[in-house]
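In: Here is my input, please return the structure:
(one chain, ligands or ions: 1)
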Amino acid sequence: MERTLSIIKPDGVSHGLIGEVIKRLEKNHIKIIAIKMIQMNQKQAQGFYAVHKDRPFFNSLTTFMTSGPVVVMVLEGNNVISKYRDLMGATNYKEAAEGTIRKDFATDIEKNVVHGSDAPETAAFEIGYFFNSFEIMS
Ligand code: CMP
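Out: Below you'll find the model as predicted:
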């Protein structure tokens, strides 16, 4: 059993895609074991994306991620990290496979609707960043 962190980003929320993303999760039998809506401040976004702090897009990314509410979720299941990444599609929506969330709804490499952890270690950090143990259904 694996867990991963999912974020529906500000563009996904403002474009009315919360239901669409959740529908795709449920259709693919991915279990949601925690969910909430938050709006990050710059410091929180910088901490979350600290691995990208030296990348040229870091300022733009953290500003975008604070521009509106996001929906954060913890997902659980066998191989859920790669399963959810398959549903999301490639970071660059132009390279994303047909039928993926990013191919269908992303408008930009940055405004790519959703985020998902890329490995078990990152998932543990990212889940702990937003949720305490009382907020996660086991
Ligand atoms: P995400 O999966 O949340 O991880 C890092 C984010 O940085 C990525 O999705 C994009 O939203 C954003 N980003 C912006 N520009 C780039 C880029 N050139 N390469 C990778 N990620 C980028």
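
In: for stretch 129-138, which positions count as buried?
Out: F130, F131 (16 or more other CB atoms under 10 Å). Glycine gets a C-beta too; all of them are placed from N, C-alpha and C.

In: Start and end of that stretch, how far apart?
Out: By CA to CA, to the nearest Å, the extent of stretch 129-138 from end to end equals 18 Å.

In: what about it, distance to the chain center?
Out: Here the centre of stretch 129-138 is set off from its chain's centre by 16 Å, with CA atoms, centre = their mean, to the nearest Å.

In: Show me what it is in contact with.
Out: L5, I33, A34, K36, I38, G47, F48, V72, V74, I127 (CB atoms under 8 Å, 6 or more residues apart in numbering).

In: List the contacts of D86.
Out: Contacts for D86 were tallied using CB under 8 Å, 6+ apart; they are T100.

In: these two touch, right, Q42 and L61?
Out: No - assessed by CB atoms under 8 Å, Q42 is found out of contact with L61, at 11.1 Å.

In: Those two - which one has more neighbours?
Out: Under the criterion of other CB atoms under 10 Å, the comparison of Q42 against L61 puts L61 first, with 19 against 12.

In: Quick check: the gap between that one and the ligand.
Out: Here L61 is placed at a distance of 5 Å from the ligand (CB to the nearest ligand atom, to the nearest Å).

In: Return the subset of the contacts of stretch 129-138 lying in strands.
Out: Counting by DSSP state E, the part of the contacts of stretch 129-138 found in strands is L5, I33, A34, K36, I38, V72, V74.

In: Look up which residues are beta-bridged to the last one.
Out: With DSSP bridges applied, the residues forming beta bridges to V74 are L5, A34.

In: isn't it right next to A34, touching?
Out: Yes - using CB under 8 Å, V74 is in contact with A34, at 3.9 Å.

In: residues in contact with stretch 106-118?
Out: With CB under 8 Å, 6+ apart, stretch 106-118 has contacts from 4-9, 11-12, 15, 17, 21, 57, 60-61, 64, 81, 84-85, 88-89, 91-94, 96, 101-102, 105, 123, 126-127.

In: If anything else comes up later, I'll come back, but that's it for now.
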